[in-house]
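Asks: just to be clear, the model below is a prediction. Sequence and coordinates:
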Amino acid sequence: MSDIIYMDNAATTKVAPEVLTAMLPYFSEDFGNPNSIYSHGAKALRAVTAARKQIAATLNVAAEEIYFTAGGTESDNWAIKGVCEAYAGKGRHIITSKIEHHAILYTCEYMEQNGYDVTYLGVDENGIICLDELKRSIRPDTILISIGFANNEIGTIQPIGEIGLIARERGIIFHTDAVQAYGHIAIDAKACHLDMMSASAHKLNGPKGVGFLYVRSSVKLRPFIHGGAQERGRRAGTGNVPAIVGFGAAAVRAYTDLEEKNAKTTKLRDYLIEQVLREIPDARLNGDRERRLPGNTNFSIEYIEGESLLIMLDMKGIAASSGSACTSASLDPSHVLLAIGLPHEIAHGSLRLTLNEENTYAEVDTVVLALKEAVTRLRDMSPLYLDAKKRER
Amino acid sequence: MYTEKVMEHFQNPRNVGEIENASAIGTVGNARCGDIMRLYITVDEAGIISDAKFMTYGCGAAIATSSMATELIIGKTIHEAMTVTNQAVMAALDGLPNPKVHCSLLAEQAIRAALWNYATQNGMEIEGLDEPVTDIGDHH
């Protein structure tokens, strides 16, 4: 791992050493079932309760409002399906945006197939929704607004507090998918008027396979996983105790000295942006220059296709990602890049490099150099580039 | 996910570039779908493809299939080049992952587009060759 330059922190992160240390006793030593009566289980229960409190404290909410799940996708599914069922009597209209993660978009499509109406809000060229459009989209039968806190591809941060207020004033449930934001920027659930929020541990140096859904005490929510009475009867299944403990430790770690770490990461991010735009001709930054996650960069590099670029970077030990169609099963490039108005051929040539506080200036320099070489090689075999250069002459 | 052969051709693609005064050119695919393949061929007096080069915009598989396609057609007659199908290109690369099979189709179409271009310029027919669908992007 040491010779790999890892710049795909929005995809996943490594488990931090202190997080792993916190988790280890709960595999083979204190392995008891937290729902058992005997003291061995009580130890596990105490650990889960402590993790719940640790997480609740980072959001300024009550511990009883945190429900552990198997990850961000489950949390998103539960939030949407659970609210739709519980509030069907009030209405069947949902408002979301075109740039949501597929965990939201495909769940909304599923609800459409089941008789619900969904409005997909557009975004501006930087990926920010329009608050007036949101207000205009609200109907008497609107039961849920779900807007992601920060976008997973272009890192744009939405005006969550304003959206929350609009929803609260109208008595509509407001959910936010904060999988990319939680642990990376300060979130006060009360100040933002959140009713529900999804998060996932592995985006903040915690383990994979564990997430939570914050559910404000007044929100009615149908269970999604049926079975035992775990999680106050709302989410059945024996909790993944080591992972939950790890999530608590990761949350504490992430929110310790957050501002300092973010200042450092933001500076490095800005350096990366500056270098790429200086060294690579016909490249552009996608997403908002200011209102973006500290570690996110997303570029469109004209005349080349993203997957071939990723393979070339991988051959040099650099882990990155792309919104190219070839990196997914579909033929269309990223729905996010199309929603901010990029033409298909430019959206295919996108590159996402996501940093954390452990990345260095030397790594950025190495990546920019490798990127420059790879782009040159690919453009040298690109008929699009050839034709563009001929037109210029 | 790619075979060693695919990776080898991606890293060291053969016959990249343009041929000035090529006997024929075939361009297929579209930028909307993320791949464009352009194949240049030189055909000698005996009807043998003496040179072939490509320019490709696309994923790793698109570049590797382009490279392999040029290798397979060089030295063949324009009639023999019809045997270089997408299956032949795939087999020569030891296979492609399922979502990338269309890249080998693109290579076959590029060969046929170049042959068609050659045949129409020279007022001849090549057995089994129909006017190619150049924009295969819309059909898969």
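Replies: Looks like it arrived, so ask away. Residues are numbered from 1 along each chain as shown, chains lettered A, B, ... in the order given.
Asks: dump the residue contacts of the residue nearest the centre of chain A.
Replies: For chain A, the residue nearest the mean C-alpha position is residue A:180 (2.8 Å; Cα atoms, centre = their mean). Residue A:180 sits next to A:10, A:148-152, A:155, A:203, A:293 when contact means Cβ atoms under 8 Å, 6 or more residues apart in numbering or on different chains. The C-beta positions use only the backbone N, C-alpha and C, and glycine is treated the same way.
Asks: please redo it, this time with the cut-off set to 10 Å
Replies: When contacts are counted by Cβ atoms under 10 Å, 6 or more residues apart in numbering or on different chains, residue A:180 touches A:9-10, A:72, A:101, A:148-153, A:155-157, A:199-200, A:203-204, A:293, A:295-296, A:354.
Asks: measure how buried the nearest residue to residue B:73 once chain neighbours are set aside is and give me the count.
Replies: Nearest non-adjacent residue to residue B:73, counting by Cβ to Cβ, 6 or more residues apart in numbering or on different chains: residue B:81, 4.7 Å away. Neighbour count of residue B:81, defined by other Cβ atoms under 10 Å in any protein chain shown: 25.
Asks: measure residue B:81 to chain A for me?
Replies: 21 Å (Cβ to the nearest Cβ, to the nearest Å).
Asks: what about the longest helix seen in chain B and chain A, any contact?
Replies: Looking across chain B with DSSP state H, the single longest helix is helix B:101-121. Yes: contact of helix B:101-121 with chain A (Cβ under 10 Å from any Cβ of the partner chain) involves B:102-103.
Asks: give me the buried positions along that helix.
Replies: Using 16 or more other Cβ atoms under 10 Å in any protein chain shown as the test for burial, helix B:101-121 gives B:101-119.
Asks: now residue B:121: how far from residue B:55?
Replies: Going from residue B:121 to residue B:55 by Cβ to Cβ, to the nearest Å gives 20 Å.
Asks: I meant to write residue B:8 there.
Replies: 20 Å.
Asks: where does the stretch 251-393 of chain A dip in pLDDT?
Replies: A:325-331 (pLDDT under 70).
Asks: let me see the ranges of the strands in it.
Replies: A:283-285, A:296-301, A:318-319, A:350-354 (DSSP state E, counting those that start in this stretch).
Asks: which of those strands is buried the deepest?
Replies: strand A:350-354 (a mean of 27; mean count of other Cβ atoms under 10 Å in any protein chain shown).
Asks: how about that one and chain B, any contact?
Replies: No: Strand A:350-354 lies out of reach of chain B by Cβ under 10 Å from any Cβ, never closer than 11.0 Å.
Asks: neighbours around residue A:169, how many?
Replies: 10.
Asks: so it is in contact with residue A:193, correct?
Replies: Yes: the criterion here is Cβ atoms under 10 Å, and residue A:169 meets it with residue A:193 at 8.8 Å.
Asks: confidence score at residue A:35?
Replies: Note for residue A:35: predicted pLDDT of 86.
Asks: quick one: low-confidence parts of chain B?
Replies: Scanning chain B for pLDDT under 70 picks out B:134-140.
Asks: now the helices for it?
Replies: B:4-11, B:60-73, B:86-92, B:101-121.
Asks: nearest to residue A:140, out of the ones you listed?
Replies: helix B:101-121 (47.2 Å; Cβ to Cβ).
Asks: and that closest one, what other elements does it pack with?
Replies: Helix B:101-121 sits against strand B:24-30, strand B:35-43, strand B:49-57, helix B:60-73, helix B:86-92, with contacts defined as 3 or more Cβ pairs under 10 Å, 6 or more residues apart in numbering or on different chains; DSSP states H and E.
Asks: pull the CA atoms of it into PDB?
Replies: In PDB, the C-alpha atoms belonging to helix B:101-121 read as follows (Å, rounded to 0.1, in the frame of the first residue of the first chain):
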ATOM      1  CA  VAL B 101     -17.700  -6.800 -26.000                       C
ATOM      2  CA  HIS B 102     -19.100  -3.800 -28.000                       C
ATOM      3  CA  CYS B 103     -15.500  -2.500 -28.300                       C
ATOM      4  CA  SER B 104     -14.600  -5.600 -30.400                       C
ATOM      5  CA  LEU B 105     -17.800  -4.900 -32.500                       C
ATOM      6  CA  LEU B 106     -16.500  -1.400 -33.000                       C
ATOM      7  CA  ALA B 107     -13.200  -2.800 -34.300                       C
ATOM      8  CA  GLU B 108     -15.000  -5.100 -36.700                       C
ATOM      9  CA  GLN B 109     -17.100  -2.200 -37.900                       C
ATOM     10  CA  ALA B 110     -14.100   0.000 -38.300                       C
ATOM     11  CA  ILE B 111     -12.400  -2.600 -40.600                       C
ATOM     12  CA  ARG B 112     -15.600  -2.900 -42.600                       C
ATOM     13  CA  ALA B 113     -16.100   0.800 -42.900                       C
ATOM     14  CA  ALA B 114     -12.500   1.200 -44.200                       C
ATOM     15  CA  LEU B 115     -13.100  -1.700 -46.700                       C
ATOM     16  CA  TRP B 116     -16.400  -0.200 -47.800                       C
ATOM     17  CA  ASN B 117     -14.600   3.100 -48.300                       C
ATOM     18  CA  TYR B 118     -12.000   1.300 -50.400                       C
ATOM     19  CA  ALA B 119     -14.500  -0.600 -52.400                       C
ATOM     20  CA  THR B 120     -16.700   2.400 -53.300                       C
ATOM     21  CA  GLN B 121     -13.600   4.400 -54.300                       C
END
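Asks: distance from it to the middle of the chain?
Replies: Centre-to-centre, helix B:101-121 and its host chain are 6 Å apart (Cα atoms, centre = their mean, to the nearest Å).
Asks: and stretch B:77-88, what's buried?
Replies: For stretch B:77-88, by 16+ other Cβ under 10 Å, it's B:78, B:81-82, B:84-86, B:88.
Asks: which two among those residues are spaced furthest apart?
Replies: B:78 and B:86 (18.3 Å).
Asks: so for residue B:51, what's the nearest residue that isn't a sequence neighbour?
Replies: residue B:42 (4.0 Å).
Asks: wait, the one you found sits on residue B:74?
Replies: Yes: Residue B:42 is within contact range of residue B:74, at 9.4 Å (criterion: Cβ under 10 Å).
Asks: distance check, residue B:122 against residue A:233.
Replies: 79 Å.
Asks: the two: who's more crowded?
Replies: Neighbour totals were compared for residue B:122 and residue A:233, and residue B:122 leads with 13 against 9 (other Cβ under 10 Å).
Asks: which residues touch the more buried one?
Replies: B:23-24, B:43, B:47, B:78.
Asks: closest one to residue A:84 out of the residues you listed, please.
Replies: Closest to residue A:84, out of all of the contacts of residue B:122 and judged by Cβ to Cβ, is residue B:24, at 58.7 Å.
Asks: just checking, residue A:210 touches residue A:245?
Replies: Yes: contact criterion Cβ under 10 Å: residue A:210 and residue A:245 qualify, at 9.4 Å.
Asks: need the overlap of contacts for these two.
Replies: By Cβ under 10 Å, 6+ apart, the residues touching both residue A:210 and residue A:245 are A:51, A:239.
Asks: quick check: the gap between the residue lying closest to residue A:297 once chain neighbours are set aside and residue A:253.
Replies: Of all residues not flanking residue A:297 in the chain, residue A:353 sits nearest, at 4.8 Å (Cβ to Cβ, 6+ apart). Going from residue A:353 to residue A:253 by Cβ to Cβ gives 23 Å.
Asks: also residue A:48?
Replies: 18 Å.
Asks: end to end, how far does stretch A:153-162 reach?
Replies: The first residue of stretch A:153-162 is 22 Å away from its last residue (Cα to Cα, to the nearest Å).
Asks: how far does it sit from its chain's centre?
Replies: 11 Å.
Asks: touching chain B at all, that stretch?
Replies: No: for a cut-off given as Cβ under 10 Å from any Cβ, stretch A:153-162 has no contacts with chain B; the smallest distance is 16.5 Å.
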